[in-house]
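K.L.:
Okay, predicted coordinates and the sequence, questions at the end:
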Amino acid sequence: MSFFRNLKTAAALVAVCAGVLTSGFANAQTVDEIVKRGSVKIGVLVGAPPFGSVDAQGNAVGYDADVAALVGKYMGVPVTMVQLTPPSRIPALESGKVDFLVATLAPTPERAKVVMFTNPYSAFQVGIYAHKDTAISKWEDLKGMTVGVNRGSSVEREFVNREKELGLTILRFDDDATTMQALFSGQVQAIAGPDAQANAAMRLRGDTTSEVKFIFQVQPNSMTVRKDAYDLHQWLNNTIYYIKQNGELDAIARKWVGSPLPVLPTF
């Protein structure tokens, strides 16, 4: 009887392992698999204009959406754009909800433990924004202030690293647009955010009372794939190189950011 019980247990374990493997293979990891499926699911950022927002029809628009559409064109398949907020980007990738991300995601060592980054396809400057009457020119001037930041962004770490030293009260919001709104409404005294998104929010609102106080970081952004998607990773790197060289990526930068594509690092 014990033999049969052990046999049943072994069979159950094999079935579970087979299910896990089947589940893993169901997520397209190579370009061939995506092409054979006939469509690609790309996660794009929303709530962070001009890199990502939603139009009146509910469609994703912005820098990331244009790049995603261009990548789909070269892949030769229709694109389904999955709209994501910063905290949902990596979970959506890991769960197989998307094949890869074009979602204004900075490549950091911490994130690279769980996902794989391509060479950057965009970059922006990150600064501290506050009311014009607020005297801020360096980190020390933020001492004791209530500050806002996009939850799950790489910028959040800058505040966290200085939280105790400067006595900061950090309020976290779901996207850059909401973070800027917190500044406009006086909910926070200062925010940390990307220049492109902050400038777009101020233009949209017609705000003339807020300004950048100082720039503390230049953030390159990469496309992102699951850790075992080596074939897809290499293809995306090749495509990024190609659209940088032929001017298509520069045209997207000029359209949405209003300035030429900056010099992007490679690794």
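P.N.:
Nice, I can see it.
K.L.:
State the distance from the closest residue to Pro87 other than its chain neighbours to Leu45.
P.N.:
With sequence-adjacent residues excluded and distances taken as C-beta to C-beta, 6 or more residues apart in numbering, Pro87 is closest to Gly152, at 3.7 Å. To be clear about C-beta, it is placed using only N, CA and C from the backbone, and glycine gets the same treatment. Applying C-beta to C-beta, to the nearest Å, the value for Gly152 to Leu45 is 11 Å.
K.L.:
can you map out the helices along the stretch 51-200 of the chain?
P.N.:
Using DSSP state H, counting those that start in this stretch, the helices found in the stretch 51-200 of the chain span residues 63-75, 89-94, 156-166, 176-185, 195-205.
K.L.:
what helices or strands is the second one leaning on?
P.N.:
Using 3 or more C-beta pairs under 8 Å, 6 or more residues apart in numbering; DSSP states H and E as the contact test, the elements touching helix 89-94 are strand 40-45, strand 100-105, strand 115-131, strand 210-226.
K.L.:
same thing with the fourth one?
P.N.:
Helices and strands touching helix 176-185, as assessed by 3+ C-beta pairs under 8 Å, 6+ apart, comprise strand 115-131, strand 146-150, strand 169-173, strand 190-194, helix 195-205.
K.L.:
Direction included, what does the longest one pair up with?
P.N.:
Yep, that's strand 115-131 we're talking about. strand 190-194 (antiparallel), strand 210-226 (antiparallel) (DSSP bridges).
K.L.:
just the second one next, same as before
P.N.:
Its sheet considered, strand 146-150 pairs with strand 169-173 (parallel), strand 190-194 (parallel) by DSSP bridges.
K.L.:
Mean neighbour count, the ones you listed: which tops it?
P.N.:
strand 190-194 (a mean of 25; mean count of other C-beta atoms under 10 Å).
K.L.:
Just give me how far it sits from the chain centre.
P.N.:
Remark: strand 190-194 is offset 16 Å from the chain centroid, using C-alpha atoms, centre = their mean, to the nearest Å.
K.L.:
circling back to that earlier point, quick one: contacts for the residue nearest to Pro87?
P.N.:
85-87, 89 (C-beta atoms under 8 Å, 6 or more residues apart in numbering).
K.L.:
export those to JSON lines and tack on distance to Asp133, neighbour count and pLDDT?
P.N.:
Supplementary listing: the contacts of Gly152 in JSON lines, determined by distance: C-beta to C-beta, whole Å; neighbours: other C-beta atoms under 10 Å; pLDDT from 0 to 100:
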{"residue": "Thr85", "distance to Asp133": "32", "neighbour count": "20", "pLDDT": "91"}
{"residue": "Pro86", "distance to Asp133": "30", "neighbour count": "24", "pLDDT": "88"}
{"residue": "Pro87", "distance to Asp133": "33", "neighbour count": "15", "pLDDT": "90"}
{"residue": "Arg89", "distance to Asp133": "36", "neighbour count": "24", "pLDDT": "96"}
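K.L.:
Touching both of Gly152 and Leu45, which residues are there?
P.N.:
85-86, 89.
K.L.:
and which of these is nearest Ala198?
P.N.:
The closest of the shared contacts of Gly152 and Leu45 to Ala198 turns out to be Pro86 (C-beta to C-beta; 15.2 Å).
K.L.:
Looking at the helices and strands packed on helix 176-185, which one is packed in the most?
P.N.:
Counting by mean count of other C-beta under 10 Å, the most buried of these turns out to be strand 190-194, with a mean of 25.
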